[in-house]
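Peer 1: Model the following, please.
(one chain, ligands or ions: 1)
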Amino acid sequence: MNTLYFDNNATTCVAPEVKEAILPFLEERYGNPSSPHHFGGSIEGDLSTARQKVAALIGASPKEIFFTSGGTESDNLAIRGVLSMDTTRKHIVTTAVEHSAVLVQCRELEKMGIDVTYLPVDSEGTLNLSDLEKSIRPDTALVSIMWANNETGVLFPIDEVSRICQDRGILLHVDGVQAVGKAPIDLTQTRIDLLAISGHKIHAPKGVGALYVRSGIKIKPLFWGGNQERGRRPGTEPVPMIVGFGKAAELALESIREDSGRMRLQRDTLERGILERIPDTIVNGGKDPRLPNTLSVCFDRVEGEALLMLMDQNGIVASSGSACLSHKLEPSHVLLAMGVGEETAQGAVRFGLSRYTSDEEIQQLLETMPALVDKVRSLTRRVGRS
Ligand SMILES: *Cc1c(COP(=O)(O)O)cnc(C)c1O
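Peer 2: Numbering: from 1, shown residues only. Modelled structure (predicted):
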């Protein structure tokens, strides 16, 4: 049985071109880029090529890119890096629907005496910008707002957020992990101070990411050690991962228009098909602007986890929301923040497409899902759950 993989917001497969690009660095090109000899030193050039490619994907300059171990580290480096630069500013603003890399970090910061404002969202998952304006205080160090939501695909109005932060002279960090490679990001057009991105969400391997730090913005590192990444992220660089990330960024930039156009059509077909074939289904955050690859639905009278298990047994891989939190059987904090009832939120399933998703896979999914949902609904009725 071949797997229908619809969990691309959790992670993506490694692109064949990325694997090819990495291989020499797992074989003969194993030098340390910081070494004075040519064997190691020649690797420095490959790091800077990768840095240029990642920078090009987001409209940044290579010297603004700092490689990290992934999105989570980049979010931590951004927020804590800013807070430790000026310890008199003890307030940050974020939203109730952030990824755990920001939310769990904020709860930890609260224990350390930092005040955090969590902006609410409306039933479509969008922000009210006047809430943001009102939340900014004289001691606000940073606004941290995601570009695209990993569960619903809803895109926040980062251009407007950026203008508000600029007017008020407040630094802006954006978690761009889901947006990058799927929505156009051009930092020459949108002024952002810090932007977190991750390799494994765009067909690079797991364990590599980057933090964009706008020229002139100073942050403290999380770790201390050597001068790698100009001291912002010491430690010998994971060269194969970084080279792979560079290649993945190059591929994403080349194909973003075509890929997002195709994924949007496929996602819309999937959405229409599910709503037609499966009664009592709602779409979460279905209004534009949203990511082209994401569909989040709630099937009424369905226990999402039970449905996902049945789907898994039938070779269909999707998720109930964030992979990082899904071992907990609690309803999604994103859907609850959007005002979805607890019971409805339990029936959430998120489908995430990628550039490798085929039209046949969408059709197979549409043909299989109705019977699976029916089965879970009839089981639920039998055990007498309302
Ligand atoms: C996946 C994800 C992260 C975490 O990135 P990792 O590279 O897995 O640490 C952060 N933010 C968002 C929105 C994500 O989807």
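
Peer 1: Show me how the chain divides into domains.
Peer 2: Here the domain parsing of the chain from automatic domain parsing is 4-11+256-385, 16-251.

Peer 1: Turn the ones you listed into CSV, including mean neighbour count, distance to the ligand and mean pLDDT.
Peer 2: Placement of C-beta: from N, CA and C, glycine included. As requested, the domains of the chain are exported to CSV (neighbours: other Cβ atoms under 10 Å; distance: least, Cβ to the nearest ligand atom, whole Å; pLDDT from 0 to 100):
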stretch, mean neighbour count, distance to the ligand, mean pLDDT
domain 4-11+256-385, 18, 6, 93
domain 16-251, 20, 2, 98
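
Peer 1: Can you list the helices and strands that the lengthiest helix in the chain packs against?
Peer 2: If you go by DSSP state H, the chain has its longest helix at helix 239-277. Packing contacts for helix 239-277, counted by 3 or more Cβ pairs under 8 Å, 6 or more residues apart in numbering; DSSP states H and E, involve helix 16-26, helix 43-58, strand 281-283, strand 294-299, helix 359-382.

Peer 1: Reformat those as JSON lines; add distance to residue 80.
Peer 2: Converted to JSON lines, these look like this (distance: least, Cβ to Cβ, whole Å):
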{"stretch": "helix 16-26", "distance to residue 80": "30"}
{"stretch": "helix 43-58", "distance to residue 80": "22"}
{"stretch": "strand 281-283", "distance to residue 80": "36"}
{"stretch": "strand 294-299", "distance to residue 80": "29"}
{"stretch": "helix 359-382", "distance to residue 80": "41"}
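
Peer 1: wait, which of the ones you listed is closest to residue 176?
Peer 2: Among the helices and strands packed on helix 239-277, the nearest to residue 176 by Cβ to Cβ is helix 43-58 (7.4 Å).

Peer 1: Check what contacts the next helix or strand after the closest one and list those residues.
Peer 2: With elements assigned by DSSP states H and E, the helix or strand that comes after helix 43-58 is strand 65-68. For strand 65-68, contacts defined as Cβ atoms under 8 Å, 6 or more residues apart in numbering pick out 47, 50-51, 54-55, 74, 77, 208-213, 229-230, 232-233, 237-238, 242, 245.

Peer 1: Paired strands for strand 65-68, with orientation please.
Peer 2: strand 209-213 (antiparallel) (DSSP bridges).

Peer 1: mind checking how far the partner strand is from the chain centre?
Peer 2: Centroid separation between strand 209-213 and its chain, computed with Cα atoms, centre = their mean, to the nearest Å, is 13 Å.
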